[in-house]
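1. generate a structure from the sequence data that follows.
(one chain, ligands or ions: 1)
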Amino acid sequence: MKITQITVFHVDLPLEHPYWLSGGRLKFEVLDATLVKIDTDTGITGWGEGTPWGHTYVPAHGPGIRAGIETMAKFVTGLDPRKVLDVERAMDLALPGHLYAKSPIDMACWDIAGQAAGMPIADLMGGGSRTPRPIAASVGAKDIAETRAVIDRYRQRGYVAHSVKIGGDVTRDIARIRDVEAMRKPGEIVLYDVNRGWTRQQALRVMSATQDLQIMFEQPCETLDDIAAIAGKHAAPVSVDEALVTLQDATRIARDGLAEVFGIKLNRVGGLTKAARMRDVALAHGIDMFVMATGGSVLADTEALHLAATIPDANCHAVWACQDMITTDIAGGRGPRNTDGHLHLPEAPGLGVHPDEDALGDPVAVYR
Ligand code: MG
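-> Model prediction:
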């Protein structure tokens, strides 16, 4: 089997509500999505998606994905898409780094490999759990009233997990955390996601002021060096998200005990092939996981769900459904959707959902 054509689409995905990170420092209103269709000489077609969370969140840029694909396309066409390691090495040789530009091609290759094998991607990766994965709501808010309103909105949709975005102001963060904990229901999963919004002293002040609450923080500071510097000075479990980009990051975090949880975002780390290695490092070191697309449509959510299904149930805390935050649906309601706050793994071979090509507009590039 050979890749014969790569077709690239650019779609803007508007957010239903303006979204704030780092205590209001970063605002998001629309996501720049790149959809990739890979055709093969056998007639099997695969789809991939790369949707960074804007261009201020992490070093990933929507137009950069399309530029990266332009550079890599001639190295990838002609390869067998089922041999995902061959495709990965060709992309890494053609364009070192730029992992976020590679994830849509990797995803489309896994989709083709699954269809060719007659298996969902998770099963092709070695076996997928059918336990529905809880969806973590993304509670991007600035104050107590707004936080309560957003959590209530997601509870009405059945959500039992919430990633509450904090950071930027110690006093306000402590007040918001105490308010959420006071309204937290039994069995609800709550993660306090700082999105790099604290300096070291701010992190230690909030962590010590809330140590009676048994709560977990994600990405409290900007870098792994910052997180390492405070690691011995607080008792709270930490998830590392934005600073987990490469396999070398994963091994450092595991070896040095910098975090108890990995937040794996597939676009950021370069797709399923690279993320699967992080999963194995995590499992070998007693590290649990959240798995998410970085952003995007139901396609990106489904890719994350396949990886989540390859993690033992007890070690996978939640996934994410960005689809519930955007106002356009490129797949006409198909694919895994929120069911009582959970996503169910699709049983169709490959990814299990493709977009309506008519909904994507004209392609912005075609490579043969
Ligand atoms: Mg996060």
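
2. can you show me the strands along the chain?
-> 3-21, 26-40, 45-50, 133-134, 136-139, 161-165, 189-193, 216-218, 238-240, 261-265, 288-292, 316-318, 342-343, 365-367 (DSSP state E).

3. Provide the strand pairings for the third one, with the direction of each partner.
-> As defined by DSSP bridges, the strand partners of strand 45-50 come to strand 26-40 (antiparallel).

4. and the partner strand with the ion, contact?
-> No. For strand 26-40, no contact with the ion is found by Cβ under 5 Å from the ion; the gap never falls below 12.4 Å. Quick note: C-beta positions are derived from backbone N, CA and C, even for glycine.

5. how is this protein carved up into domains?
-> 3-118+357-367, 124-343 (automatic domain parsing).

6. Gly118: which of the strands of the chain is closest?
-> strand 45-50 (14.3 Å; Cβ to Cβ).

7. just the C-alpha atoms of the closest one, please, in CSV.
-> What follows is strand 45-50, C-alpha atoms only, in CSV (Å, rounded to 0.1, in the frame of the first residue of the first chain):
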residue,chain,number,x,y,z
THR,A,45,-8.6,7.0,2.7
GLY,A,46,-7.5,8.2,6.1
TRP,A,47,-8.2,11.5,7.9
GLY,A,48,-6.2,13.4,10.4
GLU,A,49,-6.6,16.7,12.3
GLY,A,50,-4.2,19.2,13.9
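
8. what sits up against it?
-> By Cβ atoms under 8 Å, 6 or more residues apart in numbering, the surrounding residues in contact with strand 45-50 are 33-40, 62, 65, 81, 100-101, 103-112, 115, 267, 293, 296-297, 299-300, 303, 350-351, 354-355.

9. ok, now which ones touch the closest residue in space to Glu88 that isn't next to it in sequence?
-> Leaving aside its sequence neighbours, Glu88 sits nearest to Thr273 (Cβ to Cβ, 6 or more residues apart in numbering; 5.0 Å). Residues near Thr273 by Cβ under 8 Å, 6+ apart: 84-85, 88, 106, 110.

10. can you redo the domains of the chain as CSV with mean pLDDT?
-> Converted to CSV, these look like this (pLDDT from 0 to 100):
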stretch, mean pLDDT
domain 3-118+357-367, 94
domain 124-343, 95
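
11. out of the contacts of Thr273, who's the most crowded?
-> Neighbours here mean other Cβ atoms under 10 Å. Within the contacts of Thr273, the largest count is held by Trp110, at 28 neighbours.

12. need the contact list for that one.
-> 46, 84, 121, 124-125, 271-273, 303, 306, 350-351.

13. mind listing which of the residues you listed are in helices?
-> Of these, the ones assigned to helices by DSSP state H are 84, 121, 124, 272-273, 303, 306.

14. for the contacts of Trp110, which one is nearest Arg157?
-> Glu303 (21.7 Å).

15. enumerate every residue touching the nearest residue to that closest one once chain neighbours are set aside.
-> The spatial neighbour of Glu303 that comes closest, neighbours along the chain excluded (Cβ to Cβ, 6+ apart), is Met107 at 5.1 Å. By Cβ under 8 Å, 6+ apart, the contact set of Met107 is 36, 46-49, 266, 271-272, 299, 303, 351.

16. now do 10 Å
-> The contact partners of Met107, taken as Cβ atoms under 10 Å, 6 or more residues apart in numbering, are 36, 38, 46-50, 84, 121, 266-267, 271-273, 293, 299-300, 302-303, 306, 351.

17. re the thing from before, turn the ones in helices among the contacts of Trp110 into a markdown table, including distance to the ion.
-> Shown next, in a markdown table, are the ones in helices among the contacts of Trp110 (distance: Cβ to the ion, whole Å):
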| residue | distance to the ion |
| --- | --- |
| Val84 | 26 |
| Ile121 | 24 |
| Leu124 | 28 |
| Leu272 | 19 |
| Thr273 | 22 |
| Glu303 | 17 |
| His306 | 20 |
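
18. distance to Glu188 for the contacts of Trp110 - can I get that in CSV?
-> Listed next are the contacts of Trp110 as CSV, based on distance: Cβ to Cβ, whole Å:
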residue, distance to Glu188
Gly46, 37
Val84, 37
Ile121, 30
Leu124, 34
Met125, 30
Gly271, 31
Leu272, 29
Thr273, 34
Glu303, 26
His306, 26
Gly350, 34
Leu351, 30
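
19. let's see if you can find the most crowded of these.
-> Glu303 leads those on contacts (other Cβ under 10 Å) with 33 neighbours.
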